[in-house]
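Trainee: Predicted structure and sequence below. I'll ask about it afterward.
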Amino acid sequence: MQAFLLYVSLHFFSLFLFFVAFVLALWLIFVHHKSHWLIYALIIWFPLEVTILKWLPIDYYPIGKYFPEILMYSALAFSWWGYIKSKGRLLPKLPVNRWLAFFLLVAFISLCLNWYSPVVWFLGVRQTLRFVVVFFIILFEEYPAEILKRFLLLGAGMIGLEALLGLVQYLMHGALDQYLFFPDTVSFGSVQLQGITEFWAPGQRVFATLGRYDRLGSLLAVGLVLAFPWLYHIKDEFHKMWAWLAFGIGLLALVLTYSRASWLACLVGIVVVGFFVLKDTRVLEVAAIGSGLAILYILFVIVFQHYGGGAFDKPSETLTQRAVEAVSWYSWQSDYEGYGRFFFWVNTPLVVVRSAPLFGVGPGNYGGGVAAALLNTKVYDILHLPFGIQNTYGQIDSNWLSLWGETGTLGLVAWIFLLVELIVSSRLVAARSKNITERTVAEGMAGGVASIMILALFGPYFEFRTLMVYFWLAAGIMMHYYREHEHTGNFLKK
């Protein structure tokens, strides 16, 4: 609190100007019924956020970083109030509601059982749910189809720009990195707001304006999965050629991120869309043949070049080395002994979940970005565990395990079923809708959810700002289509 008051006193005039801008923005958006302008701004802002903040004076970093979020939460409040007045009910009927409510109930019970700072608890819950706000704004506002299409086109355009910039970054051999990367740790009292280490060689892993290679990789992976069904539905040969070219550029940029979790997530998402949703057996055949050849190649390198035993993460790697490292016993062993991801894959269920199996140790206390930012070592100390990755970073490189540790088995089950409900809803829209845009978005969303679930095994991807804004935007649009079909009575009986 003292740090907050000191910050306000030192930057009162700047905060006042931001407050005036905040009020004017809300006035323009809601008095003139232009709330979709906010969504346009969020779609553009978040991919560029890291690079913009790099050039913002460091004293104004907290304002620049959290002003869009505050505006977003305020927009939710206005939209929600408008929905309640017009519809006469608290929420639209959605299949995800019960699981979201159950997740919040479990989180609250965890707070009561562990009885710790409500501020830490609130921040922990917010860290997972903050961008679900976009999902509900889409549903409360009930935008017309044309505006929803613009959201999709603008999002696709921003992802395409990031892919192109990634290719340029690679071709310039790291010359752009110094203008795009933001390494500084920004402290606000005892809170660390930013801290990224470029542990890879300059030019080795592309990240465009997103600050880290895995942020770009995950955004490209989910974006490519969402776009994949369009390759089936575009009939004009000229447009299809350009669609395949854009898809190929995205795939190439994805490979150059060197993000293995993103590679896997993209593969799984495309298989889900192509084989399980569109029933195209060719997708499964190509994926199986490609995976088989990749495995044989890795085995060849390990056996005949005697490389596998010495493979470990280092600043400069070839694609082959990066792939072999994933299956290297030496890499696994050094990762475990150095308190890496494998250590917490083993010890989260054995130690953390075992200590609080049903309701967890409490949101904000273990494994995620809040524990890291607040330097909250309490649970780690009690359970005699290192403070996250390398006993330094606080987070444990797996959102599923951090959720399991913080909210227990019940919270984990609630979040899994919430995402499964999105897949089921997507399948229903894809199966019943006659509109090509609705059907294609729903088909892609089924694979996009699968991709997000895979990504969360390997890092704090549920907390990635740009990725989750885009994910929940797509989920909100898909659920809007779901609601439209509910009102027609052709399916979705409640």
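Mentor: Structure's in. What do you need?
Trainee: Please count neighbours and contacts with C-alpha atoms only from this point.
Mentor: Noted.
Trainee: what about Tyr143, is that helix, strand or coil?
Mentor: coil (DSSP: H, G, I helix; E, B strand; the rest coil).
Trainee: ok, the closest residue to it other than its chain neighbours - how many residues close by?
Mentor: Spatial nearest neighbour of Tyr143, chain neighbours left out: His36 (7.9 Å); criterion: C-alpha to C-alpha, 6 or more residues apart in numbering. Neighbour count for His36, taken as other C-alpha atoms under 10 Å: 19.
Trainee: Against Glu142, how distant is His36?
Mentor: From His36 across to Glu142, the span is 10 Å (C-alpha to C-alpha, to the nearest Å).
Trainee: Now for Ala475: which residues touch it?
Mentor: Phe135, Leu422, Met445 (C-alpha atoms under 8 Å, 6 or more residues apart in numbering).
Trainee: where's the closest residue to the first one other than its chain neighbours, which helix or strand?
Mentor: Nearest non-adjacent residue to Phe135, counting by C-alpha to C-alpha, 6+ apart: Gly476, 4.2 Å away. Here Gly476 sits within helix 465-488, counting by DSSP states H and E.
Trainee: how about that helix as PDB, C-alpha atoms only?
Mentor: Below are the C-alpha coordinates for helix 465-488, written out as PDB (Å, rounded to 0.1, in the frame of the first residue of the first chain):
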ATOM      1  CA  ARG A 465      -2.000 -12.000 -22.700                       C
ATOM      2  CA  THR A 466      -2.200 -11.900 -26.500                       C
ATOM      3  CA  LEU A 467      -2.900 -15.600 -26.800                       C
ATOM      4  CA  MET A 468      -5.800 -15.600 -24.300                       C
ATOM      5  CA  VAL A 469      -7.400 -12.400 -25.600                       C
ATOM      6  CA  TYR A 470      -7.500 -13.900 -29.100                       C
ATOM      7  CA  PHE A 471      -8.700 -17.300 -27.800                       C
ATOM      8  CA  TRP A 472     -11.500 -16.000 -25.700                       C
ATOM      9  CA  LEU A 473     -12.500 -13.600 -28.500                       C
ATOM     10  CA  ALA A 474     -12.900 -16.600 -30.800                       C
ATOM     11  CA  ALA A 475     -14.700 -18.600 -28.100                       C
ATOM     12  CA  GLY A 476     -17.100 -15.700 -27.600                       C
ATOM     13  CA  ILE A 477     -17.900 -15.400 -31.300                       C
ATOM     14  CA  MET A 478     -18.500 -19.200 -31.500                       C
ATOM     15  CA  MET A 479     -20.700 -19.100 -28.400                       C
ATOM     16  CA  HIS A 480     -22.600 -16.100 -30.000                       C
ATOM     17  CA  TYR A 481     -23.400 -18.400 -32.900                       C
ATOM     18  CA  TYR A 482     -24.400 -21.100 -30.400                       C
ATOM     19  CA  ARG A 483     -26.900 -18.700 -28.800                       C
ATOM     20  CA  GLU A 484     -28.400 -17.700 -32.200                       C
ATOM     21  CA  HIS A 485     -29.100 -21.300 -33.000                       C
ATOM     22  CA  GLU A 486     -30.600 -21.800 -29.500                       C
ATOM     23  CA  HIS A 487     -33.200 -19.100 -30.300                       C
ATOM     24  CA  THR A 488     -34.100 -20.800 -33.600                       C
END
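Trainee: If we go by neighbour counts, what in it is buried?
Mentor: 465-483, 485-486 (16 or more other C-alpha atoms under 10 Å).
Trainee: low-confidence ranges in the protein?
Mentor: Across the chain, the ranges flagged by pLDDT under 70 are 1-21, 28-32, 182-201, 301-316, 486-494.
Trainee: can you give me how far the lengthiest helix in it is from the chain middle?
Mentor: Longest helix in the chain, counting residues (DSSP state H): helix 399-432. How far helix 399-432 lies from its chain's middle: 14 Å, per C-alpha atoms, centre = their mean, to the nearest Å.
Trainee: going on from it, what's the next piece of helix or strand?
Mentor: Counting by DSSP H and E, the next helix or strand C-terminal to helix 399-432 is helix 436-455.
Trainee: Please name every helix or strand in contact with that next one.
Mentor: Secondary-structure packing of helix 436-455 (3 or more C-alpha pairs under 8 Å, 6 or more residues apart in numbering; DSSP states H and E): helix 213-227, helix 230-233, helix 260-271, helix 399-432, helix 465-488.
Trainee: got the angle between it and helix 260-271?
Mentor: 140 degrees (axes from the mean of the first three to the mean of the last three C-alpha atoms, to 10 degrees).
Trainee: quick one, helix 436-455 and helix 213-227 angle?
Mentor: In terms of direction (the same axes, to 10 degrees), helix 436-455 departs from helix 213-227 by 150 degrees.
Trainee: what about Val222, how many neighbours?
Mentor: 29.
Trainee: ditto for Leu38
Mentor: 18.
Trainee: Check which helix or strand it maps to.
Mentor: helix 35-55.
Trainee: Could you identify the helix or strand that succeeds that helix?
Mentor: The first helix or strand that comes after helix 35-55 along the chain, using DSSP H and E, is helix 61-87.
Trainee: Give me the buried stretch members for that next one, please.
Mentor: Neighbour counts using 16+ other C-alpha under 10 Å place 61-62, 64-65, 67-68, 71-76, 78-80, 83 of helix 61-87 among the buried residues.
Trainee: nearest to Gln321, of the residues you listed?
Mentor: Lys65 (36.3 Å; C-alpha to C-alpha).
Trainee: just checking, the closest one touches Leu53?
Mentor: Yes - Lys65 is in contact with Leu53 according to C-alpha atoms under 8 Å; the separation is 7.3 Å.
Trainee: any chance of the helices and strands packed on helix 436-455 in JSON lines, with distance to Ser291 too?
Mentor: Listed next are these as JSON lines, based on distance: least, C-alpha to C-alpha, whole Å:
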{"stretch": "helix 213-227", "distance to Ser291": "17"}
{"stretch": "helix 230-233", "distance to Ser291": "22"}
{"stretch": "helix 260-271", "distance to Ser291": "10"}
{"stretch": "helix 399-432", "distance to Ser291": "25"}
{"stretch": "helix 465-488", "distance to Ser291": "26"}
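Trainee: most packed of the ones you listed?
Mentor: helix 213-227 (a mean of 27; mean count of other C-alpha atoms under 10 Å).
Trainee: Name the surrounding residues that touch stretch 347-360.
Mentor: Contacts for stretch 347-360 (C-alpha under 8 Å, 6+ apart): 106-107, 109-110, 361, 383, 401, 404-411.
Trainee: right, I mislabeled it, should have said stretch 96-103
Mentor: Residues outside stretch 96-103 that contact it (C-alpha under 8 Å, 6+ apart): Leu410, Gly411, Ala414, Trp415, Phe417, Leu418, Glu421, Leu422.
Trainee: how about that stretch: buried residues?
Mentor: Using 16+ other C-alpha under 10 Å as the test for burial, stretch 96-103 gives Val96, Trp99, Leu100, Phe102, Phe103.
Trainee: Report the separation between the third one and Arg130.
Mentor: What it means is Leu100. Computed as C-alpha to C-alpha, the Leu100 to Arg130 distance reads 13 Å.
Trainee: Then the first one?
Mentor: Look at Val96 and Arg130: by C-alpha to C-alpha, they are 16 Å apart.
Trainee: quick one, phi psi at Arg130?
Mentor: phi -60, psi -30 (degrees, to the nearest 10).
Trainee: actually Gly367, not the one I wrote
Mentor: Torsion angles at Gly367 (phi, psi; degrees, to the nearest 10) stand at phi 80, psi -20.
Trainee: Isn't it up against Ile389?
Mentor: No - counting by C-alpha under 8 Å, Gly367 sits too far from Ile389 to count as a contact (9.1 Å).
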